[in-house]
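Student: Everything below, folded, please.
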Amino acid sequence: MATQQLTIPMFPLNLVLLPGETKTLHIFEERYKQLVADCLLNEAHFGIPFLNQKSVGDYGVEVKISNVIKEHPNGDMDIAVEGVSVFKIVEYSQVLPPKLYGAGIIEYEEEIFEKPSHVLQELTKEYLWIAQEKTIPVDAFDHSNVYGIARLLDLSALEKYELLKAKSVLQKENYLKQKLKLFIYLIKTETDLKSKFVLN
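Tutor: You can find the predicted model right below:
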C-alpha cells in the first residue's frame, strides 16, 4: 500500500513537540504571521520540522493551533499549539510563492496504538518516583504509547528528535529504556554522593 503524501505549511524551529504535547509560541516574523493567519482561516494544521544548527531535519511533528492567547498591537501573536502526528519530510521548500513561508511534502508515521511494554512502564514508574517522588496509577499507561512515556521525561529537543527518527515502536521503546536507565543511574549516583558527603 502506497504511503499517502501531503503538502503542509512549515515552521522550522529548534524544538520538538511530541504528539499530545503543548507549547506556547510567540509569532513575530511576517512570514509566520501569514502562516498562522492562513491556518486559522482554513482551520488547517502546520508542520514543525526540527531545526538543528540552521539545518532542517528530515522529521517533524504536525501541530494544530488550539488557542490564540494574545494578539499584540504590532501584529505579533502568542498562540498555543498541540502536537498531532509525526511525519517524515519527502521534499522541503524554504519559500512557497506566493506565500512568504515554506512548505513540505510529508509522509505520516504509522499511528502507534500499542501501549508501552511492561519493562518500559516499570522503568518510568521508578524514574518518576526517584526523580519527583510521583506515583502513577495502575491504569495510567492503558491508553498511552511511547510518546506518552516520553512526555513524562525531561528530554531535550535533540533527544526527542532521536526518538522521532527511530523507525519502529521497538526501536523507540529501546531508546527510551536506555534514557531511563541512564537517568535513574545518574540520580542514584548523585544521591549516594550527597549522602556520603553528609556522613563525612
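Student: Next, find the distance separating His118 from Thr124.
Tutor: 11 Å (Cβ to Cβ, to the nearest Å). Just so you know, the C-beta spots here come from the backbone N, C-alpha and C atoms, and that holds for glycine as well.
Student: Looking at these two now, which is surrounded by more residues?
Tutor: More crowded of His118 and Thr124, by other Cβ atoms under 10 Å: Thr124, with 23 against 9.
Student: what's the helix or strand for Tyr147?
Tutor: Assigned by DSSP states H and E, Tyr147 falls within helix 146-152.
Student: cool, and Ser66?
Tutor: Following DSSP H and E, one finds Ser66 within strand 55-71.
Student: mean confidence score for the next helix or strand after that strand?
Tutor: For strand 55-71, the succeeding helix or strand toward the C-terminus, using DSSP H and E, is strand 77-93. The predicted model gives strand 77-93 an average pLDDT of 97.
Student: Please apply the same query to stretch 132-149.
Tutor: The average of the pLDDT scores along stretch 132-149 is 85.
Student: Endpoint to endpoint, that stretch covers what distance?
Tutor: 15 Å (Cα to Cα, to the nearest Å).
Student: Mind listing residues that contact that stretch?
Tutor: For stretch 132-149, the external contacting residues (Cβ atoms under 8 Å, 6 or more residues apart in numbering) are 18-20, 112-116, 120-121, 124-125, 128-129, 163, 169, 172-173, 176.
Student: Can you give the distance from it to the centre of its chain?
Tutor: When distances are taken as Cα atoms, centre = their mean, to the nearest Å, stretch 132-149 is centred 17 Å away from the chain's centroid.
Student: And stretch 8-27, by the same measure?
Tutor: Between the centre of stretch 8-27 and the centre of its host chain there is 8 Å, according to Cα atoms, centre = their mean.
Student: can you check stretch 107-118 too?
Tutor: Averaging C-alpha positions (Cα atoms, centre = their mean) puts stretch 107-118 14 Å from its chain's average.
Student: what's in contact with it?
Tutor: 3-6, 62, 85-88, 90, 124, 141-149, 164, 169, 172-173.
Student: any chance you could map the strands in this structure?
Tutor: In the chain, the segments counted as strands under DSSP state E are 5-10, 22-27, 46-52, 55-71, 77-93, 102-108.
Student: Tell me the buried residues in whichever helix in the chain runs longest?
Tutor: Scanning the chain for the longest helix, with DSSP state H as the assignment, gives helix 169-199. For helix 169-199, burial by neighbour count (16 or more other Cβ atoms under 10 Å) applies to 169, 172-173, 175-177, 179-180, 183-184.
Student: now, which of those residues sits nearest Leu96?
Tutor: Proximity to Leu96 was ranked across the buried residues of helix 169-199 by Cβ to Cβ; first place goes to Lys172, at 31.2 Å.
Student: what sits against that closest one?
Tutor: Lys172 neighbours (Cβ under 8 Å, 6+ apart): 112, 146, 163, 166.
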